[in-house]
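> Below are the sequence and a predicted model for it; my questions follow.
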Amino acid sequence: MITELAEKLFIDGAWKAGEGARIAVENPATGEVLAHIAAATPAEVDLAVAAARKAFKSWSRVAPIERSKALHRLGDTISGEANVLARIMTLEQGKPLNEAGGEILKLAEACHFYAEEAVRIHGEIVPNSTTDIDSLVMREPIGVVGAITPWNYPAELIGWKLCGALAAGCTIVIKPAELTPFTALAIASMVTRANIPAGVVNVVTGSGSKVGQALVEHPGVDKIAFTGSSAVGLHIQQSCPTVKRLSLELGGNCPLIVTSSADLDAAVKGAVRRSFRNMGQICIAINRIYVARLIADVFVARLGEAADKLVIGNGIENPDADVGAMASVEPLNKTKDHLADALAKGAKLIAGGSAPEGDVFARGYFFRPTVVAGCTHEMKVMTEETFGPLVGVMAFDGLDEAVELANDTPFGLAAYVYAKDMDEIRYLSSRLDYGNVAVNNVDAGIMNAPYGGRKQSGVGYEHGREGMLEYLNFKHVRIRYDEPKGR
Ligand code: NAP
């Protein structure tokens, strides 16, 4: 399927051979070039935005029940093709095939969730100071959405925007990451098969600095829905030349606190999963762990053993592997840099620390899940987002210290707690300055609850009803009535 999608853009319901420069897309597990994409030219971005503007006129007037049916069809089409879509994702992103399949099914879940929400866009009637007036608060779709997405979750992070936008009655132009464009183009082919009208969904490929920026600056785009790094999010906020609605889902540097009352088995299991899944390339990955001094040595030893047991593989050849290749050389180099920095400043290497050995790993971007202990806040691993398979551990002496350390960051995306004592749970969850706090589990985001960051981790929400509100404007209609004549 990748060959069919190569060098194409999806504009106004049709596949267009892109006219811009070619960009190679690599398989990060082997270093082989999979195919090329076409960098959309400014004229092609204009075409996509114009198609979305034209489609908005009719799509915003389509009855909610019909938008709902369209999203259900899209969800069914996507889950029916889950194997094909997952293979594309693994080839370009590196995560194991089964994990990619799970992500595709979550994309389908987002379609069905927002299909249900499309028919629940309710308004309000607000009391006035006199009884001859009704104040109606209505919700109307914002317009054309420019969606700019990263490479770590190439399907889900498009899905949350696409489904929320379409349910609300908006149309969308998607600019996926350069590293993972084929998943986005494959989703566009599902849009066609689900009979979603031309122009409602468009996909333009190319670099963020050119194609993404063109959407940010485009006067025909009413809202930018962005997921990516805090630096690019801030740049987008500062470079909008006109007032636009923005939602920015940005970086993290997420802490886990393990108290002395914690179930140690569960804490180790959770820490391993959320530190290393997707090779740590998750905005809500656990980057740093604070563990009660009383249990620190045993926790660190068991975390190291568990990290060493994770199976690393080429995600196509070993679909059940725990972790696959990293998506590109940049996150790999950043991981090595954070590791070297920690070791130079006195951290102790507990597990990993190098690339796995063997021919299968020779040309891809692989690294062993790595644990360092005895960390301090002088180290990058404890204060910056690594976005790789590296976690730092530090002991704490009291809950206040743990909270202070966990909140000592410009980020506020997700924090994790393992504790059994209810007083500890209440104390910690109320004081952690994060948009998401997961206690005794590591799944900080679920489809039907709002998900968003604080501070430099972003503004706005995805998931839940709140995720759809990001695509709606309020309109206050205030009507004064006279008594009917001849009453
Ligand atoms: P990134 O470098 O910020 O890129 C994200 C997207 O923005 C890509 O499509 C990129 O295009 C594009 N872009 C780059 N410069 C741009 C510009 N000037 N104008 C418009 N678009 C531009 O982030 P990444 O490296 O792909 O992803 C990793 C980051 O995403 C991490 O910080 C992670 O925490 C964050 N993230 C956050 C969440 C969340 O929900 N909060 C979820 C996942 C990831 P190119 O691909 O062409 O560069």
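Great, that's in hand.

> Restrict stretch 294-303 to CA atoms and write it as CSV.
Provided in CSV are the C-alpha atoms of stretch 294-303 (Å, rounded to 0.1, in the frame of the first residue of the first chain):
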residue,chain,number,x,y,z
LEU,A,294,13.3,2.7,52.7
ILE,A,295,12.5,0.6,49.5
ALA,A,296,14.8,2.4,47.0
ASP,A,297,17.5,-0.3,46.7
VAL,A,298,15.1,-3.2,46.2
PHE,A,299,12.9,-1.2,43.8
VAL,A,300,16.0,-0.2,41.7
ALA,A,301,17.3,-3.8,41.5
ARG,A,302,13.9,-5.1,40.5
LEU,A,303,13.4,-2.4,37.9
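
> Over to residue 148: give its phi and psi.
Here is the backbone geometry of residue 148 (degrees, to the nearest 10): phi -120, psi 120.

> What residues does it make contact with?
Each residue near residue 148 by CB atoms under 8 Å, 6 or more residues apart in numbering is listed here: 175, 208, 212, 215, 216, 224, 225, 226, 227, 228, 236. Placement of C-beta: from N, CA and C, glycine included.

> Quick check, the fifth one in contact with residue 225.
Right, the one you point to is residue 216. No: with contact defined as CB atoms under 8 Å, residue 216 and residue 225 do not form a contacting pair (11.3 Å).

> Among the two, which residue is more densely surrounded?
Neighbour count, other CB atoms under 10 Å: between residue 216 and residue 225, residue 225 has more, with 29 against 22.

> which among the contacts of residue 148 end up buried?
Buried members of these, scored by 16 or more other CB atoms under 10 Å, are 175, 208, 212, 215, 216, 224, 225, 226, 227, 228, 236.

> Select from those residues every entry located in helices.
Using DSSP state H, 215, 216, 236 are the members of the buried ones among the contacts of residue 148 that sit in helices.

> Out of those, which comes closest to residue 127?
Among these, residue 236 lies closest to residue 127 (CB to CB), at 39.4 Å.

> quick one: pLDDT of the closest one?
For residue 236, the model assigns a pLDDT of 98.

> Show the contacting residues for residue 255.
Contact analysis of residue 255 by CB under 8 Å, 6+ apart lists 286, 287, 288, 289, 290, 405, 406, 409, 415, 416.

> Buried ones from those residues, can you make that a PyMOL selection?
Selecting only the buried entries of those in PyMOL, with 16+ other CB under 10 Å as the criterion:
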select buried, resi 286+287+288+289+290+405+406+409+415+416
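
> would a markdown table of the contacts of residue 255 with secondary structure be doable?
Formatted as a markdown table, these follow (DSSP: H, G, I helix; E, B strand; the rest coil):
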| residue | secondary structure |
| --- | --- |
| 286 | strand |
| 287 | strand |
| 288 | strand |
| 289 | strand |
| 290 | strand |
| 405 | helix |
| 406 | helix |
| 409 | coil |
| 415 | strand |
| 416 | strand |
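
> of all the contacts of residue 255, which comes closest to the ligand?
The ligand lies nearest to residue 287 out of the contacts of residue 255, by CB to the nearest ligand atom, at 9.9 Å.

> Tell me how many other residues surround the nearest residue to the closest one once chain neighbours are set aside.
Leaving out its chain neighbours, the residue that sits closest to residue 287 by CB to CB, 6 or more residues apart in numbering is residue 253, at 5.0 Å. Residue 253 is flanked by 26 other residues according to other CB under 10 Å.

> I figured residue 253 was touching residue 411, is that so?
Yes: counting by CB under 8 Å, residue 411 is a contact partner of residue 253 at 4.7 Å.

> Spell out which residues are contacts of both of the two.
Shared contacts of residue 253 and residue 411 (CB under 8 Å, 6+ apart): residue 385.

> that older thread, could you export the buried ones among the contacts of residue 148 as TSV, including distance to the ligand?
Shown next, in TSV, are the buried ones among the contacts of residue 148 (distance: CB to the nearest ligand atom, whole Å):
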residue	distance to the ligand
175	6
208	2
212	2
215	7
216	5
224	8
225	11
226	7
227	5
228	3
236	6
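
> Strands - which of those land there?
175, 224, 225, 226, 227 (DSSP state E).

> Could you list the low-confidence segments of the stretch 101-250 of the chain?
Under the criterion pLDDT under 70, no range of the stretch 101-250 of the chain is flagged.

> What segments of it are strands?
Listed in chain order, the strands found in the stretch 101-250 of the chain under DSSP state E, counting those that start in this stretch are 124-126, 133-141, 144-148, 171-175, 201-203, 223-227, 245-249.

> For stretch 375-384, which outside residues touch it?
By CB under 8 Å, 6+ apart, the list of residues contacting stretch 375-384 reads 253, 287-288, 337-339, 341-342, 345-347, 372, 386, 390-394, 405, 408-409.

> Just the buried residues of the residues you listed.
Here, 16+ other CB under 10 Å leaves 253, 287-288, 337-339, 341-342, 345, 347, 372, 386, 390-394, 405, 409 buried among these.

> Okay, and which of the residues you listed map to strands?
287, 288, 372, 390, 391, 392, 393, 394.

> Of those, which is the nearest to residue 158?
residue 287 (24.7 Å).

> and the gap between the closest one and residue 332?
Separation of residue 287 from residue 332 (CB to CB, to the nearest Å) stands at 16 Å.

> ok, now residue 271?
Counting by CB to CB, the gap from residue 271 to residue 332 is 22 Å.

> repeat for residue 440
In terms of CB to CB, residue 440 sits 32 Å off from residue 332.

> Check the chain and tell me which residue is nearest its centre.
residue 157 (4.3 Å; CA atoms, centre = their mean).

> got a list of what that one touches?
Counting by CB under 8 Å, 6+ apart, residue 157 touches 149, 150, 227, 249.

> do the same with residue 234
residue 456.

> between the ones in helices among the buried ones among the contacts of residue 148, which is nearest residue 57?
Closest to residue 57, out of all of these and judged by CB to CB, is residue 215, at 19.8 Å.

> from what I can see that closest one touches residue 176, true?
No: if you go by CB under 8 Å, residue 215 and residue 176 don't touch, sitting 11.9 Å apart.
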